[in-house]
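**Q** A structural model of the following input is requested.
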Amino acid sequence: MRGLSSLLLAVTFLSKDNFALAFSRPSQWQRGRTACMATANRRDFVSTATATFASVGGLGTVSFPSESLADVSDGDSLPQGAAQFSRVIKVRAQLKSVTKRVTEQSSDIDKKEWDKIDDFLRTVYSSAEDMKVIARSMDPAKYSKAEEIVKLLQKLAQAAQGPVSKRDAEGFGSIATKADKLFEDFLDLLRDVPDEI
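**A** Below is the predicted model:
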């Protein structure tokens, strides 16, 4: 608090005729302080203090910009439509890796991993819901094909639970290959480029 009052007094001195006294040694300043205080009235002190606080406060708001409120700055989410498409692509890639693991290394898979594969089939089933959202932007002819693909994919995801519960790697592999083909057919519907090119 003492430093703040000294700063305010120095600013007050600068605004008066006592400019040299403001930057003098402390002993001279202490002696001349009473003389200067007699000439400085309360209004000058309050106006100078207000101006000082306003300029310091103004620097604080300029130096520290406010935080943005847009979700875009977070970078952790995609807009609707793009988020569904991203999930469909990820599920397809995961399906390929799970299929490869099951068909090539089925003897290494224990009960816990088979349970995780069963949980993954639920993810495949729910990706069909994302496909429905994506299909809404298609023209009517493509939309009807997309609906058929979604229904078939959901049926295949349910059918794959049988081989998983029996730990049948070959049965799961054939169903997963068909499901991957359905993903490919769906993604082909999204292409706008003609086949002739």
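
**Q** For the protein, just list every one of the helices.
**A** With DSSP state H, the ranges of helices along the chain come out as 2-15, 19-22, 26-39, 42-63, 82-104, 111-135, 140-159, 161-166, 169-189.

**Q** State the mean pLDDT of the first one.
**A** Here the mean pLDDT over helix 2-15 is 54, rounded to a whole number.

**Q** same check, this time on the shortest one
**A** The pLDDT scores in helix 19-22 average 52.

**Q** pLDDT below threshold where in this protein?
**A** Scanning the chain for pLDDT under 70 picks out 1-79, 193-195, 197.

**Q** ok, now with 90
**A** Scanning the chain for pLDDT under 90 picks out the ranges 1-84, 106-107, 136-141, 190-197.

**Q** measure stretch 96-116 end to end?
**A** By Cα to Cα, to the nearest Å, the extent of stretch 96-116 from end to end equals 15 Å.

**Q** Return the set of buried residues in it.
**A** In terms of neighbour count (16 or more other Cβ atoms under 10 Å), stretch 96-116 has its buried residues at 98-99, 102, 114. In this view, the C-beta of every residue, glycine as well, is placed from N, C-alpha and C.

**Q** Distance check, the closest residue to Gln84 other than its chain neighbours against Val164.
**A** Computed as Cβ to Cβ, 6 or more residues apart in numbering, the closest residue to Gln84 that is not its neighbour in sequence is Asp130, at 3.8 Å. Distance, Asp130 to Val164, by Cβ to Cβ, to the nearest Å: 22 Å.

**Q** now swap in Ile134 and tell me
**A** Counting by Cβ to Cβ - Ile134 and Val164 are separated by 27 Å.

**Q** can you check Asp110 too?
**A** Distance from Asp110 to Val164, by Cβ to Cβ: 13 Å.

**Q** Then Leu190?
**A** 29 Å.

**Q** Could you check which of the two has the larger neighbour count?
**A** Val164 (21 against 14; other Cβ atoms under 10 Å).

**Q** Please enumerate residues in contact with stretch 102-111?
**A** By Cβ atoms under 8 Å, 6 or more residues apart in numbering, the residues outside stretch 102-111 that reach it are 101, 117, 167, 169-170, 172-173, 176.

**Q** Mind putting those into TSV with distance to Lys142?
**A** Formatted as TSV, those follow (distance: Cβ to Cβ, whole Å):
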residue	distance to Lys142
Arg101	33
Ile117	32
Arg167	38
Ala169	35
Glu170	34
Phe172	30
Gly173	30
Ala176	25
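
**Q** Nearest to Ala82 among these?
**A** Ala176 (26.1 Å; Cβ to Cβ).

**Q** Now do the contacts for the closest residue to that closest one other than its chain neighbours.
**A** Counting by Cβ to Cβ, 6+ apart, Ala176 lies nearest to Thr99, which is 4.0 Å off, once chain neighbours are set aside. Shown in contact with Thr99 (Cβ under 8 Å, 6+ apart): 172-173, 176-177, 180.
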